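Engineer: following is a predicted model, sequence given first.
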Amino acid sequence: MNILSTSILAADFKNLGQQIVDVDSAGAQYLHIDVMDGMFVPSISFGMPVIESIRSATDMVFDVHLMIMDPIRYVEEFAKIGSDIITFHQEAADDPQAVIDKIHGLGKKAGIAIKPKTPVSVLLPYLDKVEMILVMTVEPGFGGQKLIPETIDKVREVRKMLDDKNLTTDIQVDGGINDANVMAIIEVGANVIVAGSAVFKGNAKENATKFLKTMGN
Ligand code: DX5
Ligand code: ZN
């Protein structure tokens, strides 16, 4: 079964609690939480107080996507406030293995992310070290962008690299995914699908229900 991770970056923040209940009741399994520092990416989103306060709104898996420089500095704090999966960018870490070890040491699942222009080969040392690989399908930093078509081939390559080693690591895709292109990306090997605008613009519960159906759930 594929997993839908709904990205609250596109949510209506004045109704955030209700929006989370809506996607939860529709059956979305993960809540994707984009943390941006204004350095690794141009924008700043939100941080610990928001995550801490929404933790009690749902039992959904908190899928935290750190778009921050030198992520090891904050792993412990994100673990403490209720993250279940902590994903950091390969490009932002001097020693990705140290970040992975820190996340695991805190009892959390680790994900490693790459931007659209980063070659998939940088993932090779970590294929069997993480629970999830995030292949960005847009330049990180903003919701509501169009999927970059070349990234579909990267997903296919990562799935092949994993298959060659008999690994069943999750592949997450993030950015510009909608009803019309989700099946194409699942077919090449992605199984954790992030959707922001496609779910939260309009009626979140209806959109998430429809999205899950399109994904074959
Ligand atoms: C972009 C974020 C995404 C974003 C996706 O940097 O990592 O998670 O919220 O939003 P959509 O689905 O609108 O492209
Ligand atoms: Zn994200």
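Structural biologist: Cool, got the structure. Ligands and ions are numbered 1, 2, ... in the order given.
Engineer: residues from this structure in reach of ligand 2?
Structural biologist: Among all residues of the chain, those adjacent to ligand 2 (criterion: C-beta under 5 Å from the ion) are D34, H65, D174. Quick note: C-beta positions are derived from backbone N, CA and C, even for glycine.
Engineer: which of these sits closest to A10?
Structural biologist: The shortest distance between A10 and any of these, using C-beta to C-beta, involves D34 and amounts to 9.5 Å.
Engineer: so the closest one is in contact with D63, correct?
Structural biologist: No. Using C-beta atoms under 8 Å, D34 is not in contact with D63; the gap is 9.8 Å.
Engineer: so for the two, which residue has more residues nearby?
Structural biologist: In this view D34 and D63 are compared by other C-beta atoms under 10 Å, and D63 has more residues nearby, 28 against 24.
Engineer: so what touches whichever strand or helix holds the more buried one?
Structural biologist: With the criterion set as DSSP states H and E, the secondary-structure element containing D63 is strand 61-67. Among residues not part of strand 61-67, those counted as contacts by C-beta atoms under 8 Å, 6 or more residues apart in numbering are 5, 29-37, 40-41, 51, 55, 74, 78, 82-89, 92, 111, 113, 134, 140-141, 172, 174, 192, 194.
Engineer: in strands only, show me those.
Structural biologist: For the contacts of strand 61-67, the ones inside strands are 5, 30-36, 85-89, 111, 113, 134, 172, 174, 192, 194, with DSSP state E as the criterion.
Engineer: quick revisit: of the contacts of strand 61-67, buried ones?
Structural biologist: 5, 29-37, 40-41, 51, 74, 78, 83, 85-89, 92, 111, 113, 134, 140-141, 172, 174, 192, 194 (16 or more other C-beta atoms under 10 Å).
Engineer: and ligand 1, which of these reach it?
Structural biologist: Restricting these to those near ligand 1 by C-beta under 6 Å from any ligand atom leaves H32, D34, P140, G141, D174, V194.
Engineer: just give me the closest of those residues to F13.
Structural biologist: The shortest distance between F13 and any of these, using C-beta to C-beta, involves D34 and amounts to 12.8 Å.
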